[in-house]
Structures are given as structure tokens and as C-alpha cells.
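**Student:** here is my input; please provide its structure:
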Amino acid sequence: MKLQINTSVVSDGSMKIIDEETRQSVMENRDKYLKKNGIVPENTILVKIIYETNDFCKYKAVETKDRGDGFSRPSSITADALCTDEYETALFLPIADCIGAVIHSERNHALMVSHLGRHSIEQNGAFKSVQYFMEQYSLKPEDISIWISPSVGKATYPLHNFNDQSLNEVARKQFMQAGVKMNKIQDEGIDVATHPDYYSHSSFLNGKQPDDGRFAIVAVLHK
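**Tutor:** Now for the predicted structure:
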């Protein structure tokens, strides 16, 4: 099994549809980006987040029939994380401050892409993501490795309910509370608010970035 993870940058263009005016350009950006990395858009599923809810820990297992959701057809799945144990089914998450976590297991060739923002972290979302993943694929904590995307730092976005720690710091603690070992958590260590290659919603709101775009992470398992 080979796990492929790619992270887009500003030069790849924005990866989230903000309104109808941006729809065509964003779809073109996504298509070009996926193909550049050898991923078939028709095999890709969008992790579509909604904020009009009180539950930010909704997870769903997807399979072949779900491929293309949000790409070759409109999104029909809304969830805070998607997981799969199918090869060549890619999971795609647009972000711009929040964490995109790739949770995976070589033993059961399974993969999860989880969106971890303030709302989900406050509901113990990193811990719950691992729990769901383990239950779905009959895994133990020692079977699991995690990759954490670039995200906003605490200087720009402190979590006041967690003693002003960063999203990254709290997410790591929640992962370890779920039983994942520290040495199995890979952290990119990049603060998107200060790094020119990544979109940051916080930086846009502070007038430090001209566009309110989103970068994306995409993950897929190969045989």
C-alpha cells in the first residue's frame, strides 16, 4: 500500500467555491491540480463542510459509488470527515486556517480525511475522528498514523477555551488521548497566517492577504 498526500498552494488557485461567480474557475483549478498529481477527478470525493449545524463531528465511510461527488456531479455528502478502505478513491478537503488531518492504517489499508477547526476541536473532534475510524475498520491505536496539514498558529488564532493554545497543539493532544503515539503523528509545522504559499482566512480578514481563497489537501491509497 502507498499513501499519497498532496497539498495545494496559492499558485494552484483557490480550491473552494465561494459563490456562483467562482464556481467555474475553482472547478478548473481542482481539475488541473488533481491531474497534475496523477489523481483522477472522477475518482475523487469532496469533503464538504457545513457550519449551519450544532454537530461538527459527523463522519461517513464512502465507497466506489460515491466517487465523483463534488467533482463530476454536485455534492450530496456533507460531513466533517470522510473515510474509505478502497484503493484509488481520493478524498479532497479545501481549508484556509483549519487543520486537515489524514488518518490512516497500513494494516487495514484504510484512510480518513478529517476537518478540524475550532468548532470540531471544541467538540473533541480529533479524538472522535480516531474513534470512528477505529470502529469502522476494526483498528487499534497502534495501527494508526496521522499527518497534520499546515494550519493557523496561535499568534493569529488562539483557542480561548484551551488556554490560548493553537489548533495544532490541541488536536495533537486529542489524538494522543485517543491512543495514537506521539511518534506516529507527523506535523508539517507551517503557520498559514505567515506563509505566503498558503491561503489564510484570518490573514484575509486582517487585510494581510488579498484573496479569501482556500488551499486543499487530497489523499489517496494506491496498491
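**Student:** SS state for Leu3?
**Tutor:** When classified by DSSP: H, G, I helix; E, B strand; the rest coil, Leu3 comes out as strand.
**Student:** and the closest residue to Lys2 other than its chain neighbours, what does it touch?
**Tutor:** Using Cβ to Cβ, 6 or more residues apart in numbering and skipping residues adjacent in sequence, the residue nearest Lys2 is His222, 4.4 Å away. For every residue, glycine as well, the C-beta is placed using N, CA and C. By Cβ atoms under 8 Å, 6 or more residues apart in numbering, the residues touching His222 are 1-4, 87-88.
**Student:** all the strands of this structure, residue numbers only.
**Tutor:** Along the chain, counting by DSSP state E, strands occupy 2-7, 44-46, 59-61, 81-84, 90-95, 99-105, 110-116, 145-148, 185-187, 215-222.
**Student:** how far off centre is the fourth one?
**Tutor:** On the basis of Cα atoms, centre = their mean, to the nearest Å, the separation between the geometric centre of strand 81-84 and that of its chain is 10 Å.
**Student:** counting by contacts, list what it packs against.
**Tutor:** strand 59-61, strand 90-95, strand 110-116, helix 125-137 (3 or more Cβ pairs under 8 Å, 6 or more residues apart in numbering; DSSP states H and E).
**Student:** helices and strands of this protein: which one has the lowest mean pLDDT?
**Tutor:** Lowest on mean pLDDT, DSSP states H and E among the helices and strands of the chain sits helix 201-205, with a mean of 88.
**Student:** hmm, back to that, adding mean pLDDT, mean neighbour count and distance to Asp197, write the helices and strands packed on strand 81-84 out as TSV.
**Tutor:** Converted to TSV, the helices and strands packed on strand 81-84 look like this (pLDDT from 0 to 100; neighbours: other Cβ atoms under 10 Å; distance: least, Cβ to Cβ, whole Å):
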stretch	mean pLDDT	mean neighbour count	distance to Asp197
strand 59-61	98	18	29
strand 90-95	98	27	14
strand 110-116	98	27	20
helix 125-137	98	22	25
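**Student:** and those: which comes nearest Lys16?
**Tutor:** Across the helices and strands packed on strand 81-84, Lys16 has its closest neighbour in strand 90-95 (3.8 Å, Cβ to Cβ).
**Student:** in its sheet, what does that closest one sit against?
**Tutor:** Next to strand 90-95 in the sheet, as set by DSSP bridges, lie strand 44-46 (parallel), strand 215-222 (antiparallel).
**Student:** got the contact list for the spatially most central residue of the chain?
**Tutor:** Residue closest to the mean C-alpha point of the chain, counted by Cα atoms, centre = their mean, is Gly100 at 2.8 Å. Residues in contact with Gly100 (Cβ under 8 Å, 6+ apart) are 93, 113-116, 149, 151, 216-217.
**Student:** right, I'll leave it there.
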